[in-house]
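Trainee: Fold the stuff below for me.
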Amino acid sequence: MEKRTDWYEHPQYYEAIFGTDTVREVDFLQTLSERFGTGGKLWLEPACGAGRLVEEASSRGLRVVGYDISEAMLAHARKRLTPAQRRRVKLGPSRMESFADPSLEGQVDLAHCLVSTFRYLDSEAAARQHLLGTRRLLKPGGIYVLGFHLTDYARARPEHERWVGQVGEDRVVCNTNEGLPEQRARRSPMRNRLRVTGPDKDWLIETQWYFRTYSNAQAAKLFRDAGMRVLAGYTFDYDINAPVERGSLRLDRVFVLQPDPESPSVDPAEPGRASARKAPKRASTPQKSRKISR
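Mentor: This next block holds a predicted model:
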């Protein structure tokens, strides 16, 4: 058995596990854009990964900007696009907390990051910088659809999830473990093991990291501090007719965020310093538990 250490270097196997809901996710995003946002055609995907949502959105005539820290994932994303799609898509490397493109400021209709990648941002400052930077790019009335799992700090046992996928003749078995949350440090230890077996192949790809943790109150405070208001909340079921009810025990959440017109505009490069400008007003009067991060 050959051991490897980074599942993001193997996008084809990653997608065999996590790429099953693509059409439903883009349907959901388009409906949210029509219901809560501008319904416009310029989308932004932070941490776009191997490009499955980029491909699907661009196939529907949408213009898409995506960025990711993994060059292997970006290369896979570019290869999957047709020449016509490439004319509507712009992809590049960046970190979530530092992405900036002056040509996009005030232009994006919908930004989205659905599968807990947000929790890789390992400090309040980094998370806030990401939200401020994304807020700055949104068009008046634009929305940011952000999905991640909240944390039950009272949880007393580790969590384990298992999935099976197929890539050609290769069988892919994925086991993900989330350890007990460390409330003071605001993090949970994560471990993923991908076992890939096929003709002349037996790989174990193990990746370990920490996810930042959020209670509902902690997430709400962060959104307020970044000048974002929550328009609606959903779960990873992506059911537009089933918003999260107050007091729900579901931890998988999709937040529909929009810049708060009453909040001062904050320069992401100067956290804590508000400018005199106000955010623009709107132009007019939202897993299954199996989904995890990219």
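
Trainee: buried set for stretch 186-193?
Mentor: Neighbour counts over stretch 186-193 (16 or more other CB atoms under 10 Å) mark 186-188, 190, 192-193 as buried. No exception for glycine: its C-beta is placed from N, CA and C like everyone else's.

Trainee: Relative to residue 161, which of these is nearest.
Mentor: Using CB to CB, residue 192 comes nearest to residue 161 of these, at 9.7 Å.

Trainee: could you pull out the strands for the stretch 51-200 of the chain?
Mentor: Per DSSP state E, counting those that start in this stretch, the stretch 51-200 of the chain carries strands over the ranges 63-68, 89-93, 108-113, 138-149, 159-167, 170-178, 187-198.

Trainee: Tell me the pLDDT of the residue sitting furthest away from the middle of the chain.
Mentor: Computed with CA atoms, centre = their mean, the residue of the chain farthest from its C-alpha average is residue 200, at 34.9 Å. Note on residue 200: pLDDT of 92.

Trainee: What of the one 3 residues further on?
Mentor: Turning to residue 203, the model gives it a pLDDT of 96.

Trainee: Would you mind listing where this structure has pLDDT under the threshold?
Mentor: 265-294 (pLDDT under 70).

Trainee: any chance you could map the helices in it?
Mentor: 11-18, 22-36, 52-59, 71-79, 83-86, 124-137, 216-225 (DSSP state H).

Trainee: Determine which of those helices approaches residue 153 most closely.
Mentor: Among the helices of the chain, the nearest to residue 153 by CB to CB is helix 216-225 (9.9 Å).

Trainee: any idea how far the residue farthest from the centre of the chain lies from residue 4?
Mentor: 16 Å (CB to CB, to the nearest Å).

Trainee: for residue 184, same thing?
Mentor: To residue 4, residue 184 is 33 Å away according to CB to CB.

Trainee: Neighbour count: those two, which is higher?
Mentor: Each of residue 184 and residue 4 has its neighbours counted (other CB atoms under 10 Å); residue 4 has more, 14 against 6.

Trainee: you'd agree that one is up against residue 207?
Mentor: No: in this structure residue 4 lies outside contact range of residue 207 using CB atoms under 8 Å: 9.1 Å.

Trainee: Dump the strands of the stretch 51-200 of the chain to a markdown table, plus distance to residue 257.
Mentor: Output for those, formatted as a markdown table (distance: least, CB to CB, whole Å):
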| stretch | distance to residue 257 |
| --- | --- |
| strand 63-68 | 18 |
| strand 89-93 | 23 |
| strand 108-113 | 9 |
| strand 138-149 | 4 |
| strand 159-167 | 26 |
| strand 170-178 | 24 |
| strand 187-198 | 23 |
